[in-house]
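[1] make a model of this:
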Amino acid sequence: MMKLTKENIPNNLTIARIYAIPIFLLILALGGKSQTWQIVAAILFAIASATDYLDGYLARKWQIVSNFGKFADPLADKMLVMSAFIMLISLKLAPAWVIAVIICRELAVTGLRLLLVEQGGVVMAAAMPGKIKTFTQMLAIIFLLLGLNLVGTIFLYICLLATIYSGYDYFSKSLFVFKDAD
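    Model prediction:
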């Protein structure tokens, strides 16, 4: 067993978030439309979402940013949120078209980030519109799972607008990556 040290706490929080995903999915898959199980899933999702903030905060505070963290943290976030959104569709708590737009934007921005790194070593940091998108995604998922459908739906549509705007923002600032070299 790995000894828990200050140096590996942020990465362990990221790993814990990844391990929470199949548990979260099982709770929703086996609990079905049971409000009790959806509340349990919402609590687990909220805790896992909190580790997203905490791992980055600790890594920056303690100046222990790692390549593993740079790779795994955003991947864990996308895996957690996309899994939750897909389950919301199956539970009929979110419209599929909204989730499709959100997932397509996530894939497009991830591809853009890969191009930026490959072509110029540019690492595109999360901008404020992207942070708002992530925050509203997490709130929408939690509220919808808690049965607070009106509030959850409002956050889902705010998230949709933030998703579209942040995707536009990232691409408009990175158009140079699509220009052919002379």
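[2] would you map the helices across this structure?
    Ranges of helices in the chain, per DSSP state H, are 9-31, 35-61, 67-90, 96-120, 128-145, 149-172.
[3] so which of the ones you listed is nearest residue 180?
    Distance to residue 180, taken as CB to CB, is lowest for helix 96-120 among these, at 11.1 Å. Every C-beta, even on glycine, is put in place using the N, C-alpha and C of the backbone.
[4] re the thing from before, tell me which of the helices of the chain sits most buried.
    Highest mean neighbour count of the helices of the chain: helix 128-145, a mean of 21 (counted as mean count of other CB atoms under 10 Å).
[5] distance between it and the chain's centre?
    8 Å (CA atoms, centre = their mean, to the nearest Å).
[6] likewise for stretch 122-141?
    8 Å.
[7] which of the helices of the chain sits closest to residue 178?
    helix 96-120 (8.1 Å).
[8] report all helices and strands that the closest one contacts.
    If contacts are counted by 3 or more CB pairs under 8 Å, 6 or more residues apart in numbering; DSSP states H and E, helix 96-120 sits against helix 67-90, helix 149-172.
[9] next up, the contacts around residue 28.
    37, 38, 41, 87, 90, 91 (CB atoms under 8 Å, 6 or more residues apart in numbering).
[10] out of the helices and strands packed on helix 96-120, name the one with the poorest average pLDDT.
    Lowest mean pLDDT within the helices and strands packed on helix 96-120: helix 67-90, a mean of 91.
[11] check which helices and strands it sits against.
    helix 9-31, helix 35-61, helix 96-120, helix 128-145.
[12] now distance to residue 161 and mean pLDDT too, for the ones you listed, in a markdown table please.
    Formatted as a markdown table, the helices and strands packed on helix 67-90 follow (distance: least, CB to CB, whole Å; pLDDT from 0 to 100):
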| stretch | distance to residue 161 | mean pLDDT |
| --- | --- | --- |
| helix 9-31 | 26 | 95 |
| helix 35-61 | 20 | 93 |
| helix 96-120 | 10 | 91 |
| helix 128-145 | 9 | 94 |
